[in-house]
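Novice: Kindly generate the corresponding structure for this input.
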Amino acid sequence: MTIALVSLPAASDVPNEDFAAASSGVAVLLDGAGVAGGETGCKHGVAWLSATLGGVLLGTLVEQPGLPMVECLSHAIRTVGSLHEDDCNLRHPASPTSTVVAARTKAGALEYLVLGDSALLMAGRDGTVDVVTDRRLDEVGKQLRGPVDALPTGSPEHAAALAEYRTALTRLRNRPEGFWIAGPDPEAAQHALTGSVPLDSLASAALMSDGATRLVDRFELATWDELFALVATSGPAEAISRVRDAEAGDPDGRRWPRGKARDDATVLHWVLP
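Specialist: Down below sits the predicted model:
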């Protein structure tokens, strides 16, 4: 496997809640989510959830190549739940969750699974770029985040509106009328986007958290094709550097309203055989 991976926290003094890893024809990326500074019912925290779930999922995908990816994710969620169900309240409505992107080579194809608003980009040998990302969270969020986007990012008023927004969003988590995300409930895996693409049609793939895809879907400073080309030619670090430059140029979210002025950003680029 030829892998280039960069993952940076939003700031040097906070944990990175993204996780990415690769091994033996498998790659995974998770972007943890929780309520900053609020009660979650879990004493371990968001970074622990994304890293532990990511590690278990990676191992399951490698060790059980015959098991469908959805079942691998369900198994990983159950396993991680068993690790802390005695110490934590997994029924708490704000318990930590995570997006999931996973890709696995099998029988001449690249299988994939995407749950939540992280993204999988696949570059064809013909130069095309296909993007798989779960927009259900964004679609629900657009209906709720008007008061948040109207306020300067980082202000006390913005923080209060953001807390109300997250509370409302939590009520729609893992519900048919809302969105699906990996957390305590293995059922969420059944709602992931899945598919398979012939390996001989692909040149490479990139797994990205939404902190990295901001360059396209929040800031609109690049197209998906341009972002992938940047990753493939200049590397993941350069792509994240462009995101950081944009964030630094709009610290109050006036040009680009957003919940976080800076976000964890992760890019894993996989050159396929």
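Novice: How far off centre is the longest helix seen in the chain?
Specialist: Longest helix of the chain, by residue count under DSSP state H: helix 46-63. The chain centre lies 13 Å from the centre of helix 46-63; the measure is Cα atoms, centre = their mean, to the nearest Å.
Novice: so what's the residue found closest to Thr153 once you drop the neighbours it is linked to in the chain up against?
Specialist: Computed as Cβ to Cβ, 6 or more residues apart in numbering, the closest residue to Thr153 that is not its neighbour in sequence is Gly253, at 3.2 Å. Placement of C-beta: from N, CA and C, glycine included. Listed by Cβ atoms under 8 Å, 6 or more residues apart in numbering, the contact partners of Gly253 are Asp149, Pro152, Thr153, Gly154, His158, Ala261.
Novice: go again using 7 Å as the cut-off
Specialist: Remark: with contacts taken as Cβ atoms under 7 Å, 6 or more residues apart in numbering, Gly253 is in contact with Pro152, Thr153, Ala261.
Novice: For the closest residue to the first one other than its chain neighbours, pull up the helix or strand it's in.
Specialist: Translated: Pro152. Beyond its immediate neighbours in the sequence, the residue positioned closest to Pro152 (Cβ to Cβ, 6+ apart) is Asp252, lying 4.3 Å away. Using DSSP states H and E, Asp252 is not contained in any helix or strand.
Novice: I'd like to know how far Asp252 sits from Ala161.
Specialist: Remark: distance between Asp252 and Ala161 (Cβ to Cβ, to the nearest Å) = 14 Å.
Novice: The two - which one has more neighbours?
Specialist: The residue with more neighbours, out of Asp252 and Ala161 and counting by other Cβ atoms under 10 Å, is Ala161; that gives 19 against 14.
Novice: Wait, a strand at the more buried one?
Specialist: No - under DSSP: H, G, I helix; E, B strand; the rest coil, Ala161 sits outside any strand and is assigned helix.
Novice: these two touch, right, it and Leu151?
Specialist: Yes - look at Ala161 against Leu151 with Cβ atoms under 7 Å: they come within range, at 5.7 Å.
Novice: Determine the three-state secondary structure at Ser98.
Specialist: Look at Ser98: counting by three-state DSSP, its state is strand.
Novice: burial measure for it, as a count.
Specialist: The number of residues packed near Ser98 is 30, by other Cβ under 10 Å.
Novice: go on, Ala109?
Specialist: The local packing of Ala109 (other Cβ under 10 Å) involves 16 other residues.
Novice: same question, Ser12
Specialist: Around Ser12 there are 6 residues (other Cβ under 10 Å).
Novice: Over to Leu137?
Specialist: Counted with other Cβ under 10 Å, Leu137 comes out at 22.
Novice: Quickly note the distance from the closest residue to it other than its chain neighbours to Arg78.
Specialist: Nearest residue to Leu137, sequence neighbours excluded (Cβ to Cβ, 6+ apart): Phe179, at 4.3 Å. Spatial separation of Phe179 from Arg78 under the definition Cβ to Cβ is 21 Å.
Novice: what's the answer for Glu220, then?
Specialist: From Glu220 across to Arg78, the span is 39 Å (Cβ to Cβ).
Novice: Next SSE downstream of the helix or strand where Ala22 lies?
Specialist: In this structure, Ala22 sits in strand 18-23 according to DSSP H and E. Using DSSP H and E, the helix or strand that directly follows strand 18-23 along the chain is strand 26-33.
Novice: rewinding a little: out of Phe179 and Arg78, which sits in the busier spot?
Specialist: It is Phe179, of Phe179 and Arg78, that has more neighbours when counted by other Cβ under 10 Å, with 23 against 15.
Novice: Got phi/psi on the more buried one?
Specialist: With angles defined as degrees, to the nearest 10, Phe179 sits at phi -150, psi 170.
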